[in-house]
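S.K.: next one to model:
(one chain, ligands or ions: 2)
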Amino acid sequence: MDLFSPLKQLVALSSYTEKLIYKLIGPRLVDAWLHAPIRMEKRRLIASLKESNSGELITIGVTVSYHLPRPSMRGPYRVVVTDGVEQLELTYFKANTQYLKKIFPANKQLFLSGQIEHRAGLLDYKMTHPDFVGESYQAKGWIGDQPVYPLTAGLTQKFMRGFVLRCLEKIEDLPEWVIPEQLNKNGVNLTGFKDSLLQLHQHFSQNSIMDTAYKQRLCFDEFLAHQLALILSSRKVQLIEDNKGDHAFMIRPFVKEFIDNLPFTLTKGQQEILDVLMADFNKTYPMVRLLQGDVGSGKTIVAILALLDQIDKGGQTAFLSPTGILTKQHFETIKAMVGDRICVEILTSAATAKQKRLILERLKNGEIDLIVGTHAIIQDSVQFKNLTFCVIDEQHRFGVEQRVALSKKGDHVHLLSMTATPIPRTLTLACYGDMDVSLLTEKPPGRIPIHTSVMCAKKYPEIKDKLAQQIKTGTQCFWVCPVIEESEESNLTAVTKRYEDLQNTFGEDVVGLVHGKMKPKEKDAVMLSFQKGDLKVLVATTVIEVGVNVPAATIMVIENAERFGLAQLHQLRGRVGRGGDASYCILLYKQPLSFTGVKRLEAMREHDDGFKLAELDLKLRGAGETTGTQQSGLPKFKFSDLENATPDEQVFYDLLLEKANSYAWDLVRKPELKKEFSHAKQYLLQIYNKTNAVAYSKSG
Ligand code: ADP
Ligand code: MG
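M.R.: Ligands and ions are numbered 1, 2, ... in the order given. Okay, the predicted model is just below:
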């Protein structure tokens, strides 16, 4: 079967057409099979012109009456035909007259097909450029429902139909990668791959995926390919059953000592996650786990304890976070905890060339036990002697490739990704289908809920007055604005302007500024003095969105709050309420507010549970404002439209994704599915161009 061979080997194409086809569809036979119609067109066989409706596509048998040559050089050439009673005028612009004379000799009986127009006048029926003209045996092919394909300039619908049809003639049953038990399960009935493709072209339907069997199979396959590629690209696959019972583990004395010395006791949730991680470390294949925990749920300490376990076992470890500020903070936390008992270093873009060189050397010879860093540690130049475990903080800031790059830096690297941005289920599966997922829902005890209020930006002077009183009592405050500089077009508040104004009010030495365009060193210095409590107000862009921990800060002001997404607002709010004191979040908005803008702010006022907010976020998006794939983080699929799904369809997609995810895992792990797994690799992954993943799994 040559479904991946170049189209030009199978169908004769001029080099011009070939170029257009390759651009529109792709180079392989299977790409033509996947070129889905956008709608169906009905073409009806009628016996007499009287039966037709204006604008309709018809096929009819006629006799040629006479020709009406061009009235001038510019006008159209016309041929008049008759059904025996009425007359039909065929109009050709820029026609080849010789050719028309040849195919329409007087009194010839023939069939033609095209869009008919009714009009009042001498000749009541008219057709411009018939789609088909020919003999009765050919006319059979012009009747019924026909697909309408997406085109590109230079290709006609007629050509495209014929072309796809010729490609479809070559379609055969492929070796199945889905076992029969999977095809019909849990209320989903999947048709075979070949049948589904034929249906797609012959019975294309606008009906919902929920009612259309062929769509279900194509979407399932597409999800399966995606999930399988994710799994294959991030793990070394071993065909083994995961005997969960076998993994006896314990917290090592070295780690236990640190736990005992913490100023708090671990919550039950933290303890459970730690147990899960210890169990994962004991399995025969590397861990790839996503830890989702609401802001402030205490993920960091769990990660640190797991790092200590690996270090005690003689491994090297890495802790990756998205910003310099956060990296620095993690470094300080760890340093304060472990002192000189293990060798911890930090690597960010702030390091000088000399410092960096030294760190690289010490990583390579195994001297460093734990490297805390930003993207800098993903670079090829960073090599380890024996990397066994990586923690990635705020995973949503990193891509799969980065995760993969890290895991390639050792032979058997466990990965723990953490995120405080709760992700709706569909998104989790679509983006992180290859990972095991754990939730940390419980928050450390004694936290007082953050009091959230929503106010119009006009209240700014009052807020400033209140804040002045608070600052006198030692309170610290974050003040977030959406942009760095003012601009003519937007009426967004800029940090630079707010910084100046607040400095004028409160004094230069108590107000600090951080934003993304500052040098790392400058940012660090400002953060440090805010952390120490010298600065009382920190004006910032969303660089402080993730992870920053200053327990003494209890007030968060967010300007132009209507401009931020729910997840982002929740993240920002999570910067306060980290100590034992009551905290406040003030959301300032500017008119005009959109409907969803109002809803979002209300949601923030009413809820403080990140998972609840993530759910609402999805609902609000469904209710209007489209976010685009980029922003929502959803991968783009050919057949599945997750973005525009109705709530019911979303539930259905969830079901399909879940099914595809668990089946992908079965394929990878179950020896009895070895045959299907190999078919999936040989066909399915290639069909959806997911072959990089396979290449990786072969090499790794
Ligand atoms: P996040 O999950 O958002 O990354 P952090 O790990 O930064 O949260 O933890 C937030 C704060 O909670 C930190 O100051 C940390 O020391 C503290 N913390 C973590 N676990 C506990 C606990 N079990 N009891 C009390 N405080 C804790
Ligand atoms: Mg964190």
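S.K.: what residues does this protein have near ligand 1?
M.R.: Counting by CB under 6 Å from any ligand atom, the positions of the chain adjacent to ligand 1 are 264, 266-267, 270, 293, 295-301, 420, 444, 547, 549, 551, 578. Every residue, glycine included, has its C-beta placed from N, CA and C.
S.K.: from those, which land in helices?
M.R.: Of the residues of the chain next to ligand 1, the ones assigned to helices by DSSP state H are 270, 299-301.
S.K.: quick one, domains of this protein?
M.R.: Split into domains by automatic domain parsing, the chain comes to 1-36+160-171, 39-148, 298-419, 451-607.
S.K.: quick revisit: among the residues of the chain next to ligand 1, name the buried ones.
M.R.: 266-267, 270, 293, 295-301, 420, 444, 547, 549, 578 (16 or more other CB atoms under 10 Å).
S.K.: tell me which residues touch the closest residue to ligand 1 within the stretch 451-600 of the chain, please.
M.R.: Distance from ligand 1 to each residue of the stretch 451-600 of the chain (CB to the nearest ligand atom) is smallest for Asn549, at 4.6 Å. Asn549 is in contact with 300, 329, 333, 575, 578, counting by CB atoms under 8 Å, 6 or more residues apart in numbering.
S.K.: for this structure, longest strand please?
M.R.: Assignment by DSSP state E gives strand 57-68 as the longest strand of the chain.
S.K.: please enumerate the helices of the stretch 201-350 of the chain.
M.R.: Using DSSP state H, counting those that start in this stretch, the helices of the stretch 201-350 of the chain run over residues 213-234, 253-261, 268-281, 299-312, 324-338.
S.K.: residues near the residue in the stretch 1-150 of the chain positioned nearest to ligand 1, how many?
M.R.: Closest approach between the stretch 1-150 of the chain and ligand 1, counting by CB to the nearest ligand atom: Leu34, at 42.8 Å. Residues lying near Leu34 (other CB atoms under 10 Å) number 17.
S.K.: ok, now the one 10 residues further on?
M.R.: Each residue near Arg44 was counted by other CB under 10 Å, and the total is 15.
S.K.: quick one: secondary structure of it?
M.R.: strand (DSSP: H, G, I helix; E, B strand; the rest coil).
S.K.: what's the following helix or strand after the longest strand of the chain?
M.R.: Past strand 57-68, further along toward the C-terminus, the next helix or strand under DSSP states H and E is strand 77-82.
S.K.: packing partners of that next one?
M.R.: strand 57-68, strand 87-92, helix 97-103 (3 or more CB pairs under 8 Å, 6 or more residues apart in numbering; DSSP states H and E).
S.K.: can you pull the buried residues of the longest one?
M.R.: Under the neighbour-count criterion of 16+ other CB under 10 Å, strand 57-68 has 57-62, 64-65, 67-68 buried.
S.K.: return the member of these nearest to Val543.
M.R.: Leu57 (59.1 Å; CB to CB).
S.K.: shaky segments in this structure?
M.R.: 1, 185-189, 234-248, 422-427, 547, 618-635, 690-700 (pLDDT under 70).
S.K.: so how many other residues sit close to the residue lying closest to the residue of the stretch 1-150 of the chain closest to ligand 1 once chain neighbours are set aside?
M.R.: Distances taken as CB to CB, 6 or more residues apart in numbering place Lys638 nearest to Leu34, at 6.5 Å, with adjacent residues excluded. Residues near Lys638, counting by other CB under 10 Å, number 13.
S.K.: hmm, Lys638 is touching Trp33, no?
M.R.: No - under the criterion of CB atoms under 8 Å, Lys638 makes no contact with Trp33, lying 11.5 Å away.
S.K.: and for these two, which residues touch both?
M.R.: By CB under 8 Å, 6+ apart, no residue touches both Lys638 and Trp33.
S.K.: show me the contacts for Leu535.
M.R.: 476, 509-512, 526, 529.
S.K.: now these as JSON lines including secondary structure and distance to Trp177?
M.R.: Shown next, in JSON lines, are the contacts of Leu535 (DSSP: H, G, I helix; E, B strand; the rest coil; distance: CB to CB, whole Å):
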{"residue": "Gln476", "secondary structure": "strand", "distance to Trp177": "58"}
{"residue": "Asp509", "secondary structure": "helix", "distance to Trp177": "67"}
{"residue": "Val510", "secondary structure": "helix", "distance to Trp177": "64"}
{"residue": "Val511", "secondary structure": "strand", "distance to Trp177": "62"}
{"residue": "Gly512", "secondary structure": "strand", "distance to Trp177": "58"}
{"residue": "Val526", "secondary structure": "helix", "distance to Trp177": "55"}
{"residue": "Ser529", "secondary structure": "helix", "distance to Trp177": "59"}
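S.K.: quick check: the two most widely separated of these?
M.R.: Gln476 and Asp509, at 14.0 Å, using CB to CB across these.
S.K.: what about those two, which has more around it?
M.R.: It is Gln476, of Gln476 and Asp509, that has more neighbours when counted by other CB under 10 Å, with 22 against 11.
S.K.: neighbours around the residue nearest to that one when sequence neighbours are not counted, how many?
M.R.: Of all residues not flanking Gln476 in the chain, Ala553 sits nearest, at 4.1 Å (CB to CB, 6+ apart). By the criterion of other CB under 10 Å, Ala553 has 26 neighbours.
S.K.: which residues touch Ala553?
M.R.: 476-478, 530, 538, 575-576, 578.
S.K.: nearest to Leu168, of the residues you listed?
M.R.: Arg575 (57.4 Å).
S.K.: what ranges do the helices span in the stretch 51-200 of the chain?
M.R.: Going by DSSP H, counting those that start in this stretch, the stretch 51-200 of the chain shows helices at 97-103, 136-139, 157-168, 180-183, 193-202.
S.K.: please identify the deepest-packed of those helices.
M.R.: When these are scored by mean count of other CB atoms under 10 Å, the highest mean neighbour count falls to helix 193-202 (a mean of 19).
S.K.: which helices and strands sit right next to that one?
M.R.: Packed next to helix 193-202, using 3+ CB pairs under 8 Å, 6+ apart, are strand 144-148, helix 157-168, helix 213-234.
S.K.: wait, which of the helices of the stretch 51-200 of the chain is closest to Leu308?
M.R.: helix 180-183 (42.3 Å).
S.K.: name the residues that touch that closest one?
M.R.: Residues contacting helix 180-183 (CB under 8 Å, 6+ apart): 189-191, 659, 663.
S.K.: from these, which two are the most distant?
M.R.: Thr191 and Tyr663 (16.2 Å).
S.K.: settle it for me: which of those two has more neighbours?
M.R.: The neighbour count for Thr191 versus Tyr663, taken as other CB under 10 Å, is higher for Tyr663 (25 against 17).
S.K.: hang on, isn't that one packed against Ala225?
M.R.: No - judged on CB under 8 Å, Tyr663 makes no contact with Ala225 at a distance of 11.4 Å.
S.K.: His330 touches Ser321, doesn't it?
M.R.: Yes - His330 lies in contact with Ser321 (CB under 8 Å); the separation is 5.9 Å.
S.K.: between the two, who's got more neighbours?
M.R.: A count of neighbours by other CB under 10 Å puts Ser321 above the other of His330 and Ser321, at 27 against 24.
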